[in-house]
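J.: got a sequence here, can you model it:
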Amino acid sequence: MSNKDMNQTPDADEVREEFWESIADSPFVMIALDSGHGHAIPMRAQLDKDANSAIWFYTSRDNRLAKGGPAMMQFVAKGHDLFACVSGTLTEETSEARKDKHWSKAVEAWYEQGRQDPSLLMLRLDLRDAEIWEADPGVVGMFKMMTGITINGDEMGDHARVAL
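T.: This is a model prediction of the structure:
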């Protein structure tokens with residue numbers, strides 16, 4: 001999708017910022033490769049506040065995501081007030097410094113030989129674009145939901161297509 005096709009609402013930057021805050025608060029996502037018919041799998045995102053165009057994941061070399069390629073990531077915030085569908089490309093992260101930066105005891109628990117485990121693989125999702133929805137119906141939207149009155153989409157919160 002080109003930037004021209006993006007629906008840049010006045011709130012796009014605000015929606016983008018809310019996405020990054022929400023995923024930092026709860027970094028669990030579902031991700032799948034675009035090719036094939038494999039279901040999405042849960043992954044824990046490794047975030048870098050200085051790199052807002054990529055997200056990293058630890059996995060194993062036998063994981064179905066390991067081959068990389070075009071991918072789609074789904075995210076739902078803890079409070080179910082933000083939803084995102086993010087497209088990008090998964091590639092192997094080869095930087096040892098990057099792997100070390102995100103290494104933790106929680107990650108180590110998944111790998112028998114720790115950081116030296118031969119099955120360890122770090123993937124980087126280079127972000128392309130996203131559709132992000134903020135669910136904030138406000139007073140009018142809540143009243144309409146409670147009374148069964150038809151709701152207009154813009155009464156439920158913000159929606160933006162954003163380049164990442």
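J.: neighbours around the nearest residue to P118 once chain neighbours are set aside, how many?
T.: Spatial nearest neighbour of P118, excluding adjacent residues (C-beta to C-beta, 6 or more residues apart in numbering): R61 at 7.7 Å. All C-beta atoms are positioned from the backbone trio N, CA, C, and that covers glycine. R61 is flanked by 12 other residues according to other C-beta atoms under 10 Å.
J.: can you give me phi and psi for R61?
T.: phi -70, psi -20 (degrees, to the nearest 10).
J.: for it, give its distance to L121.
T.: 5 Å (C-beta to C-beta, to the nearest Å).
J.: then S53?
T.: 21 Å.
J.: can you check N52 too?
T.: Taken as C-beta to C-beta, the span from N52 to L121 is 23 Å.
J.: E108 too?
T.: 15 Å.
J.: again, but for T89
T.: Where L121 is concerned, T89 sits at a distance of 16 Å (C-beta to C-beta).
J.: out of those two, which sits in the more crowded spot?
T.: Shown here are T89 and L121; by other C-beta under 10 Å, L121 has more neighbours (19 against 16).
J.: didn't the more buried one look like it was pressed against R64?
T.: No - with contacts counted by C-beta atoms under 8 Å, L121 stays clear of R64, the gap being 11.8 Å.
J.: output the longest helix seen in the chain as PDB - backbone C-alpha positions only.
T.: Using DSSP state H to define each element, the chain has its longest helix at helix 12-25. In PDB, the C-alpha atoms belonging to helix 12-25 read as follows (Å, rounded to 0.1, in the frame of the first residue of the first chain):
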ATOM      1  CA  ALA A  12      -3.100   9.100  12.700                       C
ATOM      2  CA  ASP A  13       0.000  10.200  14.700                       C
ATOM      3  CA  GLU A  14      -1.900   9.900  17.900                       C
ATOM      4  CA  VAL A  15      -3.300   6.500  17.000                       C
ATOM      5  CA  ARG A  16       0.200   5.300  16.100                       C
ATOM      6  CA  GLU A  17       1.600   6.500  19.400                       C
ATOM      7  CA  GLU A  18      -1.200   4.800  21.300                       C
ATOM      8  CA  PHE A  19      -0.300   1.600  19.400                       C
ATOM      9  CA  TRP A  20       3.300   1.700  20.600                       C
ATOM     10  CA  GLU A  21       2.300   2.400  24.200                       C
ATOM     11  CA  SER A  22      -0.200  -0.400  24.200                       C
ATOM     12  CA  ILE A  23       2.100  -3.000  22.700                       C
ATOM     13  CA  ALA A  24       4.800  -2.000  25.200                       C
ATOM     14  CA  ASP A  25       2.300  -2.600  28.000                       C
END
